[in-house]
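S.K.: Give me a 3D structure for the following:
(chains A and B)
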Amino acid sequence: MVRIVGVGLTPFGTTPERTGRDMFAEASDAAFADAGVPRTDAEALYYGNFMGALAEHQGHQGPLMAEAAGIQAPATRFETACASSGAAVRHAVQTLRNGEADLLLVGGAERMTNLGTDGATEALAIAADDLWEVRAGVTFPGAYALMANAYFDTYGGSREDLAHVAVKNHENALENEHAQYQQRIDVDTVLEAPTVSAPLGLYDSCPISDGASAIVLASDEYVAENDVDAPVSITGTGQGGDNLALHDREFLARSPAAEDAATEAYDDAGIGPDDVELAEVHDCFTIAEVLALESLGFYEPGEAIGAARRGETTATGDRPINLSGGLKAKGHPVGATGTAQIAELTQLLRGDHVNSDAVPDATVGLAHNAGGTVASAFVHVVEVAE
Amino acid sequence: MSDPDDSAGEAGYDEWIAALEDGEGYYLACPNGHGSLPPRRRCPHCSSGELTEQALPETGTIATFTETQVPIPSFADDAPYVVAIVDFGDVRLTGQLGEIDPAAVEIGQVVAPDIVERETTGEPLVAFRPV
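M.R.: The predicted structure follows:
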């Protein structure tokens, strides 16, 4: 098994003056402090970042971030848009399972707010097909709005249904000190907010965020030899891919790459969707949470639109979704999100997260991290297992 | 931050834009009935390397759409605008809807493709108008 020995996050939010290297130094310090292992044991850094070349004029971030973390080891940057650190996690899991390493630092960082709203909107749009989507005026919210209208047309549903997703995720973030928005909202707030790209409004959209996250992963052998306390493990990993441009997909209201990733991760962990007790899913927009819940097999296509409204995915529901606040309220520094989801799940399952009381007996969690309009998807199963 | 040299052009794409502007739009078809857009050497759905140019149907139907209020900077003067994905049978295109009240747009509407000029930059823009 791949053991999660430590996790760390910066606060997510608006810190335009902070460099990526400074944020990643903080997150990795926190992860090693949590792990209680010497950072010099790390044999490599697997690091996710999406727009550093645009936001910080900084390519080749791997070695820079290894320095920032104070590890004397080689480093590689992974880029799959908003799923960049999900990709880093998957490759770290494979490396540890192959026996090629015993301790790895995995993480991600993104500096976005220094670009301003215009600049960040432009930078996010490069995750789409430049020739055939961006040149038609497709923005990142616009792409998800195209999926939302297709969903409504295919299965039904309303803006109000989507608003309940935002309300729920804001509610979950109220006490999360890492969250960008610790602020309660109601359905009317969401419905009355300015439109970004119809039917999605300002409160259907995750914020533009700065932040970093890091996790320390180890082999069973390392944990045993060093007597490390690591009650939570990654037991399943899966990846799916799809055509980059939305118009090349058979279904505009589904995300089959995430279905593929989930199927692989479930098989890998030896579980099924019914075994999952809580999940952190990639809710970059409210509709994205709906698509995620259906791709993960928690709901049939067309059924997840009402899940938040019915209370099934709230903190007191049958299967709480995004107890961290999700991308929607916790924030979405894109390269940091994949490992941040694993960090939040680890704390929720260990019992030391501010929202752990919502899932006191839970042992199985899942992370769903998506790139672009889900042309890249990574799913990880996280379990209390030693 | 410097932008790429636009004068270099985009081989494959530029010719496609010019063809549609001349009323001779096309798509790439593989023997298995999949459509796609250039430049490419392999079908994105079945990997076939036997791609031939087929005439783009004169009309298609709106598969989905959105009215975008917050644009990327290179569309600042165009906003608000309606983006649509239009189904032409074997292939779909993404472009902007013109000559129609955004409130009147519906999925399933029949439209015809054209090339217009992007207001903000003067670059060519795939557009659709109701028929």
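
S.K.: A:Tyr181: how many residues sit nearby?
M.R.: For A:Tyr181, the count of nearby residues is 22 (other C-beta atoms under 10 Å in any protein chain shown). Just so you know, the C-beta spots here come from the backbone N, C-alpha and C atoms, and that holds for glycine as well.

S.K.: Using the three-state scheme, assign it.
M.R.: When classified by DSSP: H, G, I helix; E, B strand; the rest coil, A:Tyr181 comes out as coil.

S.K.: so what's it up against?
M.R.: A:His170, A:Ala173, A:Pro207, A:Gly325, A:Ala329, A:Lys330, A:Gly331 (C-beta atoms under 8 Å, 6 or more residues apart in numbering or on different chains).

S.K.: contacting residues for the last one?
M.R.: Listed by C-beta under 8 Å, 6+ apart, the contact set of A:Gly331 reads A:Phe12, A:Gly13, A:Ala179, A:Gln180, A:Tyr181, A:Cys206, A:Pro207, A:Ser209, A:Gly211.

S.K.: Tell me the residues of chain B that contact chain A?
M.R.: Taking C-beta under 8 Å from any C-beta of the partner chain as the measure of proximity, chain B contacts chain A at B:1, B:10, B:13, B:36-37, B:44-45, B:63-75, B:78, B:81, B:83, B:85, B:92-96, B:107, B:118, B:123, B:125-126.

S.K.: Could you tell me the end-to-end distance of stretch B:24-38?
M.R.: One end of stretch B:24-38 to the other measures 15 Å (C-alpha to C-alpha, to the nearest Å).

S.K.: and residue 44, what pLDDT?
M.R.: Unless you meant another one, I'm taking chain A. pLDDT recorded at A:Ala44 is 98.

S.K.: wrong one, chain B
M.R.: Per-residue pLDDT puts B:Pro44 at 97.

S.K.: Give the helix, strand or coil label for it.
M.R.: Relying on three-state DSSP, one would call B:Pro44 coil.

S.K.: Now do it against A:Ala262, distance only.
M.R.: B:Pro44 sits 23 Å away from A:Ala262, going by C-beta to C-beta, to the nearest Å.

S.K.: what's the answer for B:Pro31, then?
M.R.: To A:Ala262, B:Pro31 is 33 Å away according to C-beta to C-beta.

S.K.: who has more neighbours, those two?
M.R.: A:Ala262 (26 against 11).

S.K.: so where's chain A uncertain?
M.R.: Nowhere does chain A drop to pLDDT under 70.

S.K.: who in it is up against chain B?
M.R.: Contact residues (C-beta under 8 Å from any C-beta) of chain A with chain B: A:54, A:57, A:117-119, A:121-122, A:125, A:131-139, A:141-142, A:145-150, A:153, A:194-200, A:243, A:245-248, A:252.

S.K.: In helices, which of those fall?
M.R.: Counting by DSSP state H, the residues of chain A next to chain B place A:54, A:117-119, A:121-122, A:125, A:141-142, A:145-150, A:153 in helices.

S.K.: which of the residues you listed sit farthest apart?
M.R.: A:Leu54 and A:Asp153 (34.4 Å; C-beta to C-beta).

S.K.: now the strands for the stretch 151-300 of chain A?
M.R.: Here the stretch 151-300 of chain A has its strands, by DSSP state E, counting those that start in this stretch, at A:195-197, A:200-201, A:211-219, A:232-241, A:278-280.

S.K.: What is the shortest one packed up against?
M.R.: If contacts are counted by 3 or more C-beta pairs under 8 Å, 6 or more residues apart in numbering or on different chains; DSSP states H and E, strand A:200-201 sits against helix A:140-155.

S.K.: Next, the angle helix A:116-125 makes with the helix it packs on.
M.R.: On the basis of axes from the mean of the first three to the mean of the last three C-alpha atoms, to 10 degrees, helix A:140-155 is oriented at 60 degrees to helix A:116-125.

S.K.: and helix A:140-155, how far out from the chain's middle?
M.R.: Centre-to-centre, helix A:140-155 and its host chain are 21 Å apart (C-alpha atoms, centre = their mean, to the nearest Å).

S.K.: Check which residues of that helix are buried.
M.R.: A:140-155 (16 or more other C-beta atoms under 10 Å in any protein chain shown).

S.K.: what sits against residue 56?
M.R.: If you meant another chain, say so; for now it's chain A. By C-beta under 8 Å, 6+ apart, the contact set of A:Glu56 is A:Thr19, A:Gly20, A:Arg111, A:Asn114.

S.K.: ah, no, chain B please
M.R.: B:Leu56 is in contact with B:Leu20, B:Gly25, B:Tyr26, B:Tyr27, B:Phe88, B:Val91, B:Leu93, B:Pro113, counting by C-beta under 8 Å, 6+ apart.

S.K.: all helices for chain A, in order.
M.R.: According to DSSP H, the helices that chain A contains are A:20-35, A:52-55, A:61-69, A:84-97, A:116-125, A:140-155, A:159-173, A:187-192, A:220-225, A:256-269, A:286-295, A:326-330, A:337-350.

S.K.: Strand A:211-219 and the first one, what's the angle between them?
M.R.: In other words, helix A:20-35. Using the same axes, to 10 degrees: helix A:20-35 against strand A:211-219 is 40 degrees.

S.K.: before we move on, the earlier item: out of the contacts of A:Tyr181, grab the one that's most surrounded.
M.R.: A:Lys330 (35 neighbours).

S.K.: Please report how far that residue lies from A:His178.
M.R.: In terms of C-beta to C-beta, A:Lys330 sits 6 Å off from A:His178.

S.K.: between these two, what contacts are shared?
M.R.: A:Phe12, A:Ser324, A:Ala340.

S.K.: Most neighbours of all those residues, which one?
M.R.: A:Ala340 (34 neighbours).

S.K.: ok, that one touching A:Lys330?
M.R.: Yes: contact status for A:Ala340 versus A:Lys330: in contact at 7.4 Å, counting by C-beta atoms under 8 Å.

S.K.: which residues are common contacts for these two?
M.R.: A:Phe12, A:His178, A:Ser324.

S.K.: Of those, which is the nearest to A:Gly335?
M.R.: Checking the shared contacts of A:Ala340 and A:Lys330 against A:Gly335 by C-beta to C-beta gives A:Phe12 as the nearest, at 12.1 Å.

S.K.: could you measure B:Ala8 against A:Ala120, distance?
M.R.: 27 Å.

S.K.: Show me which of those two is the more surrounded one.
M.R.: Taking B:Ala8 and A:Ala120 together and counting by other C-beta under 10 Å, A:Ala120 has the greater number of neighbours (22 against 7).

S.K.: If anything else comes up later, I'll come back, but that's it for now.
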